[in-house]
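A.B. asks: give me a model of this one.
(one chain, ligands or ions: 1)
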Amino acid sequence: MAGKTRVGVLALQGDVREHAALLAQLGADAVLVRRPDELSSVDGLVIPGGESSVIDKLSRIFGMQQPIRHAIAAGMPVLGTCAGLIMLADDIVDAIDGQESFGGLDVVVRRNAFGRQVESFEAVLDVPAFEGEPVSAAFIRGPVVESVGPGAEVLAELDDGRVVAVEQGNLLGLSFHPEITGERRFHQRFLARVEARRRVTAPPQV
Ligand code: GLN
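C.D. replies: Residues are numbered from 1 along each chain as shown. The predicted structure is shown next:
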């Protein structure tokens, strides 16, 4: 198959650059996505951490909410971290008034679940899907996955059983920020999905 894998980072707000840099390190062509035509030029999308209520509002102002919902429904691989996980969740607890998500992940997430006094911390997570070292995860006012519907699968939980990583088909949602601790395996997993889907949907080469 010709060319690099072309993936987008939703660049409305949040830690866009860290994701773009990590994707580039992994050999992908990472582009910033703000408009519908930019979304249609990519084979996968990362929704970064930031502030989900702002990403929600800007996505509606920029006319991106419906195109992203359609892309998700059509099977585009999406990786959402922190606010990005909130944007992928079907239901949000402690959302601001009128806050919406793109949806797709059959989960309920609670925003700012780790309390004000402990705004950020690092935890070591055992992720059975990964070989090798446990994951070192940075939590920055992150959400927790409060309930997981039958469509979604748990990828990682804290020692106390709270769910912090889930996956459903081509969607991957994380409460934490792998892009700031140098953890690459979630992005690799996302890129593998993008590659697999490209192979299936690529027009035949002549
Ligand atoms: N608390 C933020 C929100 O509700 C998420 C924080 C983050 O992405 N680091 O969107």
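A.B. asks: only C-alpha atoms from now on, for both contacts and neighbour counts.
C.D. replies: Will do.
A.B. asks: could I have stretch 133-145 exported to PDB, CA atoms only?
C.D. replies: C-alpha atoms of stretch 133-145 as PDB (Å, rounded to 0.1, in the frame of the first residue of the first chain):
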ATOM      1  CA  GLU A 133       6.400  -3.200  31.100                       C
ATOM      2  CA  PRO A 134       3.300  -2.000  32.900                       C
ATOM      3  CA  VAL A 135       1.900   1.300  31.700                       C
ATOM      4  CA  SER A 136       2.900   4.500  33.500                       C
ATOM      5  CA  ALA A 137      -0.100   6.800  33.300                       C
ATOM      6  CA  ALA A 138      -0.500  10.500  34.000                       C
ATOM      7  CA  PHE A 139      -3.900  11.500  35.300                       C
ATOM      8  CA  ILE A 140      -4.700  15.200  35.000                       C
ATOM      9  CA  ARG A 141      -8.200  16.000  36.200                       C
ATOM     10  CA  GLY A 142      -9.200  12.900  34.300                       C
ATOM     11  CA  PRO A 143     -12.600  11.200  34.100                       C
ATOM     12  CA  VAL A 144     -13.300   7.700  35.400                       C
ATOM     13  CA  VAL A 145     -15.400   5.200  33.500                       C
END
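A.B. asks: in it, which residues are buried?
C.D. replies: Residues of stretch 133-145 classed as buried: 135-145 (neighbour count, 16 or more other CA atoms under 10 Å).
A.B. asks: averaged pLDDT, it. What do you get?
C.D. replies: Per-residue pLDDT values across stretch 133-145 average out to 95.
A.B. asks: now do it: distance to the chain's middle.
C.D. replies: Here the centre of stretch 133-145 is set off from its chain's centre by 13 Å, with CA atoms, centre = their mean, to the nearest Å.
A.B. asks: hmm, that stretch in reach of the ligand?
C.D. replies: Yes - remark: stretch 133-145 sits within contact range of the ligand at 140-142, by CA under 6 Å from any ligand atom.
A.B. asks: the chain against the ligand: which residues are in contact?
C.D. replies: Neighbours of the ligand within the chain, by CA under 6 Å from any ligand atom: 49-52, 82-83, 111-112, 140-142.
A.B. asks: which ones among those map onto strands?
C.D. replies: residue 140 (DSSP state E).
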